[in-house]
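K.L.:
mind folding the following:
(chains A and B)
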Number of protein chains: 2
Amino acid sequence: MNFQEISNKRRSINFFDTDKDVTEAQLSQIVELAANTPSSFNLQPWNLMVLRNPEEKEKLKSLAWDQPKVVEAPVVLIVLADKAGWQEGHSTFEKNWQEMLKSGSMKLEQREWFLNATKSLYDWSPEANLAFAAKNTGFFAMSLMYAATSLGLETHPMDGFDHEAVRKAFKIPDNYWVPLLLAVGTMKPGLKLHPAKWRKKYNEIVVSF
Amino acid sequence: MNFQEISNKRRSINFFDTDKDVTEAQLSQIVELAANTPSSFNLQPWNLMVLRNPEEKEKLKSLAWDQPKVVEAPVVLIVLADKAGWQEGHSTFEKNWQEMLKSGSMKLEQREWFLNATKSLYDWSPEANLAFAAKNTGFFAMSLMYAATSLGLETHPMDGFDHEAVRKAFKIPDNYWVPLLLAVGTMKPGLKLHPAKWRKKYNEIVVSF
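P.N.:
This is a model prediction of the structure:
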């Protein structure tokens, strides 16, 4: 499939086939394809919790407007946006720094510059910090959806859940915001999709002031 | 190109060919491909300012760490995340509602439910409101990058700018957060790309608590 086809094929699916699994091989293929996603200073401030266990999915469903797809999809991802991803000492920050030294894209004496760059952009306000995490994790989640589509699977990104209750029930640390849940699976057979919803056109997207 | 190829081909390009334009036809093709992006309740809380004029790009460059690509890329997009996109009366909210009525996916008597759904999710805290805008606009910006790659163009998403100064200089209304600038163009000829940066692997992305 080319991108035009993937873009048209990707739809948010409400009804999943409960007889069809997403294998670990498929899931890791999706995630590693999406891992190519660009991010601010390559900080990759995203993580995933993978829910397959029916009890875990039932627990999530009860906090997610009782949406049947939360249990019907074989895999539900709790997508996590890491607000601490720019901080000195964070494991990804430090691994990224070491890899940049190794490849020669940064030099030891640029450490102070690098620390100040991320601090100045993501620590000037709580909003900037949250937007950094949510924006980059938005990039990553979009890539997950396209990757799944390209591999013949279906997804549904979900906002309908109690953010604080999910955080508590799944013991999610304070450095994370939960921007979405993502159901992954195969469409229930025999269903006919509605036409795609209305979208804004170019001249409704472009603005000037 | 299939998605694997697009995912590998998409790189953040630092040096653009100043002799090669991005035509209006190309830009609208990118934007309308990306317009298929899913969003929370189909609210599409994103907009773009399109900068082509050299003086406008110089003004932006002076507020964006003086990055040469801001003027060298033929098109620079100021990507806008609309925090008000879930509110009753917002033009996209109301157009979306009318289109859902027309298609039969919502009924008139569900208006109250729909209003309460978005309000309960995006108005319980300023964080939830900002995360809604930044996450969905992250989806959209990622789609713009893949769409550009699929059409043979290059991009660079940028965080290195003074958020408040850009907002002021370009008269951006208060309902918008500016999650990124996006340069679009063609790579300067004769350059050799460095290998892609390190990325987290599946087992570094998946977490449990």
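K.L.:
isn't residue A:186 up against residue A:18?
P.N.:
No: in this structure, residue A:186 is not within contact of residue A:18 by C-beta atoms under 8 Å, at 9.5 Å. C-beta here means a position set from N, CA and C on the backbone, and glycine is covered the same way.
K.L.:
residues shared between the contacts of these two?
P.N.:
Residues within reach of residue A:186 and of residue A:18 at once, by C-beta atoms under 8 Å, 6 or more residues apart in numbering or on different chains, are residue A:74.
K.L.:
neighbour count winner among the two?
P.N.:
residue A:186 (18 against 14; other C-beta atoms under 10 Å in any protein chain shown).
K.L.:
can you tell me the closest non-neighbouring residue to that one?
P.N.:
Nearest residue to residue A:186 in three dimensions, chain neighbours excluded: residue A:20, at 4.0 Å (C-beta to C-beta, 6 or more residues apart in numbering or on different chains).
K.L.:
neighbours around that neighbour, how many?
P.N.:
Residue A:20 sits with 14 neighbouring residues when counted by other C-beta under 10 Å.
K.L.:
now do residue A:107
P.N.:
So residue A:107, with other C-beta under 10 Å, has 10 neighbours.
K.L.:
what about the helices in chain A?
P.N.:
A:3-9, A:24-34, A:54-62, A:69-72, A:91-103, A:111-122, A:126-150, A:163-169, A:202-205 (DSSP state H).
K.L.:
tell me which of those sits most buried.
P.N.:
helix A:126-150 (a mean of 26; mean count of other C-beta atoms under 10 Å in any protein chain shown).
K.L.:
briefly note if that one comes near chain B.
P.N.:
Yes: residues of helix A:126-150 contacting chain B under C-beta under 8 Å from any C-beta of the partner chain: A:126-128, A:130-132, A:134-139, A:141-143, A:145-147, A:149-150.
K.L.:
tell me the confidence at the closest residue to chain B within chain A?
P.N.:
Per C-beta to the nearest C-beta, the residue of chain A with the smallest distance to chain B is residue A:138, at 1.9 Å. Looking at residue A:138, its pLDDT stands at 98.
K.L.:
once you drop chain neighbours, what's closest to it?
P.N.:
Residue nearest to residue A:138 in three dimensions, not counting chain neighbours: residue B:138, with 1.9 Å by C-beta to C-beta, 6+ apart.
K.L.:
which residues does that neighbour contact?
P.N.:
By C-beta under 8 Å, 6+ apart, the neighbours of residue B:138 are A:134-139, A:141-142, B:179.
K.L.:
which one of those residues sits closest to residue A:98?
P.N.:
Taking C-beta to C-beta as the measure, residue A:98 lies nearest residue A:136 of the contacts of residue B:138, at 20.2 Å.
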